[in-house]
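K.L.:
need coordinates for the following:
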Amino acid sequence: MKYNKLVRDRIPEIMDSKGKQYTIRQLADGMEKGVYLKKKLQEEVHEFLENPCIEELADIKEVLLALADSLGYIPEELEFVRVSKRIERGSFEDGIVLEEVL
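P.N.:
Residues are numbered from 1 along each chain as shown. As a prediction, the model looks like this:
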């Protein structure tokens, strides 16, 4: 079965332990890796929408961290920007829906 999708780093090790035959290639940092990470983000978000659970949220976060890294950001930068925006603009905890601006 063909997949042609980004997988977690330990998947080849897991496949080996199960005696599976497979082909892989490793992406170099750059535009191609960014493209695959964006596709993976869409895949993980879709999986979360189909099955909203903490495991799927963890997968989304893992892809977001890898995407940030591929863009040259460190996890602490991402967290700093997140917290800064939360302080300045708030979070989504209150569930406020903007219905109209007059």
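
K.L.:
when you work out contacts or count neighbours from here on, use the C-alpha atoms and nothing else.
P.N.:
Noted.

K.L.:
leaving aside the residues next to it on the chain, what's closest to Val63?
P.N.:
In space, and not counting its chain neighbours, Val63 is closest to Leu41: 6.0 Å by CA to CA, 6 or more residues apart in numbering.

K.L.:
what's the helix or strand harbouring that neighbour packed up against?
P.N.:
Element membership of Leu41, judged by DSSP states H and E, is helix 31-50. Here helix 31-50 touches helix 54-70, going by 3 or more CA pairs under 8 Å, 6 or more residues apart in numbering; DSSP states H and E.

K.L.:
returning to what we had before: if you average pLDDT over the helix holding Leu41, what comes out?
P.N.:
Computed over helix 31-50, the mean pLDDT rounds to 96.

K.L.:
from the rest of the structure, what touches it?
P.N.:
Under the contact criterion CA atoms under 8 Å, 6 or more residues apart in numbering, helix 31-50 has outside partners 5-6, 27, 56-57, 59-60, 63-64, 66-67, 70-71.

K.L.:
what do you get if the cut-off is 10 Å, keeping everything else the same?
P.N.:
Residues outside helix 31-50 that contact it (CA atoms under 10 Å, 6 or more residues apart in numbering) are 4-7, 26-28, 51-64, 66-71.

K.L.:
checking Tyr73 next. Helix, strand or coil?
P.N.:
Three-state call for Tyr73 (DSSP: H, G, I helix; E, B strand; the rest coil): coil.

K.L.:
the contacts of helix 31-50, buried ones only, as a PyMOL selection?
P.N.:
To isolate the buried subset of those in PyMOL, counting by 16 or more other CA atoms under 10 Å, use the following:
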select buried, resi 6+56+57+59+60+63+64+66+67+68+70
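
K.L.:
what are the buried residues along the helix holding Leu41?
P.N.:
Neighbour counts using 16+ other CA under 10 Å place Lys33, Gly34, Tyr36, Leu37, Lys38, Lys40, Leu41, Glu44, Val45, Glu47, Phe48 of helix 31-50 among the buried residues.

K.L.:
report the separation between the last one and Phe80.
P.N.:
Put plainly, it is Phe48. 25 Å (CA to CA, to the nearest Å).

K.L.:
which ones are touching Asn51?
P.N.:
The contact partners of Asn51, by CA under 10 Å, 6+ apart, come to Val45, Leu57.
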